[in-house]
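# Just a sequence and a predicted model for now, questions to come.
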Amino acid sequence: MLDIKFIKENEQIVNKSLKDRGIKIGIDILLDLYEKRKTLLIKAEDLKYKKNLASAEIANLVREKKDSRAKIDSMKVISQKIKGIDKKVGELGQKIREISLTIPNIPHPSVPVGSEPAANKIVRQHKDLPKLKFEPRTHLEIGEALGIMDFGRASKLVGSHFSLFKGQGAKLERALINFMLDLHTRKHNYVEIWPPSLVNRSSMTGTGQLPKLEEDMYRLKDEDYFLVPTAEVPLTNIHQNEILKEDDLPIYYTAYTPCFRREAGSYGKETKGLVRVHQFDKVELVKFVRPESSSDELESLLKDAQKVLELLELPYRVVLLPTRGISFAAAKCYDLEVWAPGIKRWLEVSSCSMFNDFQARRANIKYKPKTGAKPQYVHTLNGSGVALARTVAALLENFQQRDGNVKLPKALVPYMDGRNKIE
């Protein structure tokens, strides 16, 4: 969330940000409400001052055994006025918050202006694309031929856009999760967390999924809880409403969770296979850092996610997203995309994002500087380290063999009981 004072003092910057993102929000209304609330607060303070004076005068009259009824009646009138103003101040404050929650973060100056994919900036590409000596099959064809995936029975269990892994497919999913968690905890200094798979409205609002994306979320009928769309939500909100010590920073967390997204506006798109599913597994990386180190921490986060793909020997590229491609809460975002030769497409498997203090303001996460200065908001970052559904698709398609088997990268062999292929 942007600071209302920042919006007031930097109206042109905010309006440019909204224009660059292609979002139409009238911040004039927000600033008008802010000024009205400010005026009422000044009026309330004046009335409270008068009430205090009247209270002192009443006390003197009582001590002197004089008639204080007129003053008491006067103070009651003042009290009623204060009560009425406080109510209006509260109502205006709520309206200000509601509008503020709909204003996205301001893109970092290095973010290209424009829409995807035209304005995407390819930062780097790792490995040449594979040149298979036979016509590659899709991961759907490979998975069903090997008997490791069954979308038909998954559909019977719940509906379309869900997957079911079995045998070596289930083993591969678990192997990938363990491999990534071990890498991030042993080599990249993240602390592993096993969070709940349900979060409340406050947590979803804190990281920016609500109110904007509520239609894309799975919500419980009888309680205001949501299935996690990403472990970013519980990991970031671990420190909701806390003041950390500067010496505690940086804090790195990683977690595996299943992720659930309705993606209400995407029906009919990419309907087959693992490219777009409503439930998928993901290992997430979250950072809490000092403001001055935020940009460096983003580059470090990106390297941590890249290392996963490098050890999996997958061809990938790094894409800097433009203003209309980054998420609502992000100030800057890199996507990691892996090549899938069967479907002949680049698939996004990770988004590494820097949020500055946007999420911290919404979730009220601060730190106390060692200098003794007043608490400041931390900066938060997160990235997939990485998402599994599309990574599995890329693995199957890149390592498929002419005989129908799938070779496994060396990094996964220990996690697959020493097997170097799925057959």
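Sure thing, it's come through. Numbering: from 1, shown residues only.
# biggest helix in the chain, by residue count?
Taking DSSP state H as the criterion, the chain has its longest helix at helix 27-63.
# Report the distance from that one to the chain centre.
In terms of Cα atoms, centre = their mean, to the nearest Å, the centre of helix 27-63 is found 40 Å from the chain centre.
# other SSEs contacting it?
With contacts taken as 3 or more Cβ pairs under 8 Å, 6 or more residues apart in numbering; DSSP states H and E, helix 27-63 sits against helix 4-9, helix 11-21, helix 69-100. Using the backbone N, CA and C atoms, a C-beta is placed for each residue, glycine as well.
# out of these, nearest to A340?
When the helices and strands packed on helix 27-63 are compared by Cβ to Cβ, helix 11-21 sits nearest A340, at 29.4 Å.
# would you list every one of the helices in the chain?
For the chain, helices defined by DSSP H occupy the ranges 4-9, 11-21, 27-63, 69-100, 139-146, 151-157, 168-186, 201-207, 232-236, 294-311, 358-363, 388-398.
# Would you tell me which of the ones you listed gets closest to Y225?
Here helix 201-207 is closest among the helices of the chain (Cβ to Cβ), at 8.1 Å.
# May I see the buried residues of the closest one?
S203, M204, T205, G206, T207 (16 or more other Cβ atoms under 10 Å).
# Send me it as CSV with only the CA atoms.
Coordinates of each C-alpha in helix 201-207 appear next as CSV, following Å, rounded to 0.1, in the frame of the first residue of the first chain:
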residue,chain,number,x,y,z
ARG,A,201,-8.5,-12.3,4.8
SER,A,202,-6.0,-10.1,6.6
SER,A,203,-3.1,-12.2,5.4
MET,A,204,-4.4,-12.1,1.8
THR,A,205,-4.8,-8.4,2.0
GLY,A,206,-1.4,-7.9,3.4
THR,A,207,0.4,-9.4,0.4
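# who touches it?
Applying Cβ atoms under 8 Å, 6 or more residues apart in numbering, the contact partners of helix 201-207 are 101, 210-211, 217, 224, 226, 232-234, 236-237, 240, 329, 359, 362-364.
# Please repeat the previous calculation with a cut-off of 6 Å.
Here helix 201-207 makes contact (Cβ atoms under 6 Å, 6 or more residues apart in numbering) with L210, D224, F226, E232, V233, T236, N237, Q240, Q359, R362, A363.
# Out of these, which comes closest to L396?
Nearest to L396 among the contacts of helix 201-207 is E232, at 26.7 Å by Cβ to Cβ.
# burial measure for L47, as a count.
Applying other Cβ atoms under 10 Å, we find 20 residues neighbouring L47.
# repeat for I243
Residues near I243, counting by other Cβ under 10 Å, number 13.
# ok, it - contacts?
K366, K368, P375 are the contacts of I243 under Cβ under 6 Å, 6+ apart.
# separation between it and Y367?
Computed as Cβ to Cβ, to the nearest Å, the I243 to Y367 distance reads 7 Å.
# Equivalent analysis for T39, please.
From T39 across to Y367, the span is 34 Å (Cβ to Cβ).
# Those two: which is more packed in?
Each of T39 and Y367 has its neighbours counted (other Cβ under 10 Å); Y367 has more, 25 against 13.
# Next, the contact list for that one, please.
Contacts for Y367 (Cβ under 6 Å, 6+ apart) come out as L244, E246, L249, V378.
# Give the bridge partners for it, please.
Y367 has the following beta-bridge partners by DSSP bridges: L244, Q376.
# returning to what we had before: mind picking the one among the buried residues of helix 201-207 that's closest to S160?
Out of the buried residues of helix 201-207, the member with the shortest distance to S160 (by Cβ to Cβ) is M204, at 25.1 Å.
# any idea how far K38 is from the closest residue to K71 other than its chain neighbours?
Once flanking residues are discounted, K71 sits nearest to I58: 5.0 Å by Cβ to Cβ, 6 or more residues apart in numbering. For I58, the distance to K38 (Cβ to Cβ) stands at 31 Å.
# Which one's more surrounded, these two?
Legend: neighbour count by other Cβ under 10 Å for I58 and K38, higher for I58 (18 against 13).
# what's the pLDDT at the more buried one?
On pLDDT, I58 comes in at 87.
# From V77, how far out is it?
13 Å.
# Next: M416.
79 Å.
# same question, Q279
Distance of Q279 to V77, computed by Cβ to Cβ: 61 Å.
# Counting neighbours, go ahead and name the busier of the two.
Q279 (16 against 12).
# wait, the more buried one sits on F260?
Yes: assessed by Cβ atoms under 6 Å, Q279 is found in contact with F260 at 5.4 Å.
# Check the burial of the closest residue to P291 other than its chain neighbours by counting its neighbours.
Leaving aside its sequence neighbours, P291 sits nearest to H379 (Cβ to Cβ, 6+ apart; 5.1 Å). By other Cβ under 10 Å, 28 other residues sit near H379.
# what does stretch 349-362 contact?
Residues from elsewhere that reach stretch 349-362, judged by Cβ under 6 Å, 6+ apart: 1, 105, 206-207, 236, 294, 298, 301-302, 305, 329-336, 338, 377-384, 386-387, 390-391.
# So, low pLDDT: which residues of the stretch 251-400 of the chain?
Applying pLDDT under 70 to the stretch 251-400 of the chain flags residues 264-271.
# Which residue ranges of it form strands?
Assigned by DSSP state E, counting those that start in this stretch, the strands in the stretch 251-400 of the chain fall at 251-260, 279-289, 316-320, 332-340, 345-354, 365-368, 376-377, 379-387.
# got the angle for the longest one vs strand 345-354?
Read it as strand 279-289. Per axes from the mean of the first three to the mean of the last three Cα atoms, to 10 degrees, the angle that strand 279-289 makes with strand 345-354 is 30 degrees.
# Which elements pack onto strand 279-289?
Where contact means 3 or more Cβ pairs under 6 Å, 6 or more residues apart in numbering; DSSP states H and E, strand 279-289 is packed against helix 232-236, strand 251-260, strand 379-387.
# I'd like these as a markdown table, with distance to N120 appended.
Formatted as a markdown table, these follow (distance: least, Cβ to Cβ, whole Å):
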| stretch | distance to N120 |
| --- | --- |
| helix 232-236 | 22 |
| strand 251-260 | 24 |
| strand 379-387 | 17 |
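# Select, out of the ones you listed, the one closest to V113.
strand 379-387 (22.2 Å).
# The residue nearest to K71 and K81: what is the separation?
Going from I58 to K81 by Cβ to Cβ gives 17 Å.
# for V318, same thing?
Separation of V318 from K81 (Cβ to Cβ) stands at 60 Å.
# Thanks a lot, see you next time.
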